[in-house]
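1. could you look at this predicted model? Sequence included:
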Amino acid sequence: MKVIETKDITYEYPDGTKALEKVNFMAEEGKIVALLGPNGAGKSTLFLHFNGILRPSSGAVVIDGENVNYNKKELMKIRQKVGIVFQNPDDQLFAPTVVEDVAFGPMNMGLPKDEVESRVKEALSRVGMEGFEKKPPHHLSGGQKKRVAIAGILAMKPKIMVLDEPTSGLDPKGASQILRLLYQLNTEGMTIVISTHDVDLVPIYASKVYIISEGKIIKQGTASEVFEDVKTIRGANLRLPRIAHLMEILEKEDKLPFDKPYPLTIGGARKRILKEFDE
Ligand SMILES: Nc1ncnc2c1ncn2[C@@H]1O[C@H](COP(=O)(O)OP(=O)(O)OP(=O)(O)O)[C@@H](O)[C@H]1O
Ligand SMILES: [Mg+2]
């Protein structure tokens, strides 16, 4: 079942910048889908179409099997189904305190007060931000803001969570904590769509990967399928995961028998190396 689908969407900003061109993107229910692309490729622009913040200049956006209807009431419904965590938390956080910010979404959904309170508590705890309830968001660090922004969406319990570079600005521990959380939410049934530049992390969690460059999807498939096409990856100003790059060097420079497809994760490389030693 497809929960997000774009059909040939093209988007032009009012100043004439063509940010998307005939993009066909699809997220299946219960999966983790990654959108990978360099700066300015159109990742954020595409994501803003998933809950109707932007409307395509041509083509159609289909959410949960229905074409997005851009009237106010229908958009409200879509925004409960598709929660978007913006790239920049400053675009998202606005309430005077953290707790009010995270409560805003569930309160707007008309949930009873005690339900709102328990959701806020749970969401803040899941992103590791309990204890910051009374703080004004603008007094938080970048990484802390990011976590609160994620909590705010989490508290609405959307069916689909779309996160625009959820790990950028987080320290290594914070980044893996957020990824573990996304993984956990996914095992609980949530569909997750994320954009990133972090090619090392993509193979670890994404079941499907799209590469976007200059507003066009230039490649899609599993992480192994996508990263096998080294030329396309480099041509789009991206790189191989470090592990795959190391295997490539060992093969090409040192003539070691690590041919393609290169392993993409530490676990995969470990297996391959041990296998060579075994023989
Ligand atoms: N409000 C806007 N008005 C005009 N052009 C815009 C606007 N926002 C983005 N663009 C342009 O649209 C293109 C796609 O931008 P977008 O922000 O979607 O890229 P991105 O892939 O998210 O990049 P990044 O990795 O830097 O976040 C870029 O050329 C950008 O300059
Ligand atoms: Mg962006």
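-> Good, I have the coordinates. Ligands and ions are numbered 1, 2, ... in the order given.
2. for S141, give me phi and psi.
-> Note on S141: backbone dihedrals following degrees, to the nearest 10 are phi -70, psi 170.
3. and whatever residue of the stretch 1-150 of the chain ends up closest to ligand 2, what element?
-> For the stretch 1-150 of the chain and ligand 2, the shortest gap (CB to the ion) falls at S44, measuring 3.2 Å. Placement of C-beta: from N, CA and C, glycine included. Following DSSP states H and E, one finds S44 within helix 43-47.
4. which element follows that helix toward the C-terminus?
-> strand 58-63.
5. quick one: the helices in the stretch 101-250 of the chain, in order.
-> Taking DSSP state H, counting those that start in this stretch, the helices of the stretch 101-250 of the chain run over residues 113-126, 142-154, 172-187, 202-205, 223-228, 230-235, 242-252.
6. send me the helix holding S44 as CSV with only the CA atoms.
-> Output of helix 43-47 as CSV, limited to C-alpha atoms (Å, rounded to 0.1, in the frame of the first residue of the first chain):
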residue,chain,number,x,y,z
LYS,A,43,14.6,17.7,-1.0
SER,A,44,12.9,20.3,1.2
THR,A,45,10.7,21.5,-1.7
LEU,A,46,9.5,17.9,-2.3
PHE,A,47,8.8,17.3,1.4
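7. so what touches it?
-> With contacts defined as CB atoms under 8 Å, 6 or more residues apart in numbering, helix 43-47 is touched by 6, 9, 11, 13, 19-20, 23, 25, 35, 37, 54, 84, 86-87, 162, 164-165, 193, 195, 212, 215.
8. go again using 10 Å as the cut-off
-> Helix 43-47 has contacts (CB atoms under 10 Å, 6 or more residues apart in numbering) with 4, 6, 9, 11, 13, 17, 19-20, 23, 25, 35-37, 53-54, 56, 61, 82, 84-88, 162-165, 193-197, 210, 212, 215, 217.
9. quick check: closest non-adjacent residue to the residue minimising distance to the centre of the chain.
-> Centroid-nearest residue in the chain: I194, 0.9 Å away (criterion: CA atoms, centre = their mean). Spatially, and ignoring its direct neighbours in sequence, I194 is nearest to L163 (4.6 Å; CB to CB, 6 or more residues apart in numbering).
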